[in-house]
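Here's a sequence, model it:
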Amino acid sequence: MKNIGISKRHYIAIAMIVVVFLFTVIKVNGQNFQNFTTTDGLPDNFVLGIAVDTNNIKWVATANGVGSYNDTTWTIYRVADGLADNYAYSISVDKNNQVWVGTDYGVSKFNGTTWTNYTTTDGLISNSVNYIYGANDGSVWFATQSGVSKYSLGTFTNYTTTDGLSNNSVYSISSDNTGNIWFCTQMGGVSKFNGTTFTNITKATTDSLLDDNTFAIGFDQNNNRFIGTWYGISKLNSSDAWVENYRIEDGLYNNFVRDIKSDSDGNIWVGMFADYNFDGGISKFNGTNWVSYSVTDGLVNTQVTGIAIDKQNKPWISTGGGVSKINANTGIENFTENPVVDVYPNPVKQTLFINANNQNYTMKIVDAQGRMMAEQMLKPESNRISLEQFTSGIYYIHLSNNKNSITKKIVVL
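Below you'll find the predicted structure:
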């Protein structure tokens, strides 16, 4: 494994520290999640990306090689097998069922038998590849800090701001239902490419876009665009007009969006992780309501890095502590969307009362910036919560258990 510094954006040591605690959580809630670590055959517990091929084989990019899982056995690939580098940042499957892996030393393609490596010498715009996307037309796109590369029919074509891309630092790539390719960028909003020209969408061009630092984009069955930022999600319609924003107060687990995927039922799945307090989880949106869950529900680790949907419509989650598969009996579909919980008074000065109405809840209080302010288990009866250390402002109370999830906004005077 490389000696990776904090500049790599990931925190391996922290993921390893918490893995023992998380294993205990897994045992408690194992009926909802199936979790995988190195004990089960993963190459490494720090998993940076996940993909599913046409044969429903799951592929993961980790800090020490690539793993594939056929629902029975994990197979590991490393430099000795032909991989460009063992520290794999990203992974994707193209239209021809070839697996692509992004590293700091170029990209590697696996055709099922052999690995082929490509670098700037072959036309790749940069050897450090953040994200890979296999488009429906068979092309493969690579996101880097120097622009994007398109690989098609054996040839690389590169695009930068000179060609119309909004910013050369690109975090992720996806395509909408009509075949446009979308790029999430640093400080440049999102760029849409129709094969000929770029259209750039930023806070300056679209009222209420949450931020120009965009990290993920997903699409629902109506071709609405869900743009993920570190301030929440902005939804645009199929004409790229702003519709609404989703934040913690609307039901997101937190505002720090890392990945967005949609399943065949039309649900939007969002992966989140906040670096400042190392808290993260998954939220699911059915078009009307959000439900969220994290390690307290059985997720293997808080550091969510990616999402993939398998051929049975099951989400697989890559994290800093292993991989979680969300099974059919998660209870998510059975969540009560409006559980009865009394929170009073509101506005409040010093003491808040929460009546959980004979249910056990985990309570988290966050401020308007998403920073964790308090966390505790609530009793089934009335709970007295001291807010004496809270400054005046708006806060959000998240209550969750294995049946319900609810968010309440309070005003502290």
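
shaky segments in the chain?
Counting by pLDDT under 70, the chain contains low-confidence residues at 1-31, 328-340, 368-370, 403-405.

what ranges do the strands span in the stretch 201-350 of the chain?
Applying DSSP state E, counting those that start in this stretch to the stretch 201-350 of the chain gives strands spanning 214-219, 225-229, 232-236, 242-246, 257-262, 268-274, 279-285, 290-293, 304-309, 315-319, 322-326, 342-344.

burial measure for residue 141, as a count.
26 (other C-beta atoms under 10 Å). In this view, the C-beta of every residue, glycine as well, is placed from N, C-alpha and C.

ok, the nearest residue to residue 184 once chain neighbours are set aside - contacts?
In this structure, residue 184 finds its nearest non-sequential neighbour in residue 214, 3.9 Å apart by C-beta to C-beta, 6 or more residues apart in numbering. By C-beta atoms under 8 Å, 6 or more residues apart in numbering, the residues touching residue 214 are 171, 184, 185, 189, 190, 227, 228, 229.

thinking again about what came up before, rebuild the strands of the stretch 201-350 of the chain as TSV, extending it with distance to residue 48.
Formatted as TSV, these follow (distance: least, C-beta to C-beta, whole Å):
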stretch	distance to residue 48
strand 214-219	14
strand 225-229	17
strand 232-236	22
strand 242-246	25
strand 257-262	11
strand 268-274	12
strand 279-285	14
strand 290-293	22
strand 304-309	5
strand 315-319	7
strand 322-326	11
strand 342-344	39
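
To residue 134, which of those strands lies closest?
Closest of the strands of the stretch 201-350 of the chain to residue 134 is strand 304-309, at 12.2 Å (criterion: C-beta to C-beta).

which neighbours does the closest one have in its sheet, and in what orientation?
strand 315-319 (antiparallel) (DSSP bridges).

Let's see the strand it pairs with as CSV, backbone CA atoms only.
What follows is strand 315-319, C-alpha atoms only, in CSV (Å, rounded to 0.1, in the frame of the first residue of the first chain):
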residue,chain,number,x,y,z
PRO,A,315,-27.7,-1.1,-3.7
TRP,A,316,-24.1,-1.8,-2.8
ILE,A,317,-22.2,0.8,-0.8
SER,A,318,-18.4,1.3,-0.8
THR,A,319,-17.0,2.8,2.3
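
Find out how far that strand is from the centre of the chain, if you would.
With C-alpha atoms, centre = their mean, to the nearest Å as the basis, strand 315-319 stands 8 Å off its chain's centre.

Quick one: work out the angle between it and strand 257-262.
160 degrees (axes from the mean of the first three to the mean of the last three C-alpha atoms, to 10 degrees).

and residue 237, backbone torsions?
phi -90, psi -180 (degrees, to the nearest 10).

Next one: it relative to residue 176, how far apart?
To residue 176, residue 237 is 11 Å away according to C-beta to C-beta, to the nearest Å.

Which one's more surrounded, those two?
The neighbour count for residue 237 versus residue 176, taken as other C-beta under 10 Å, is higher for residue 176 (17 against 12).

Identify the residues contacting that one.
So residue 176 contacts 182, 192, 219, 223, 225, 238 (C-beta under 8 Å, 6+ apart).

Was I right to think the fifth one contacts residue 182?
Spelled out, it's residue 225. Yes. Residue 225 is in contact with residue 182 according to C-beta atoms under 8 Å; the separation is 7.4 Å.

what's the overlap in contacts for these two?
Jointly contacting residue 225 and residue 182 under the rule C-beta under 8 Å, 6+ apart are 176, 190, 217.
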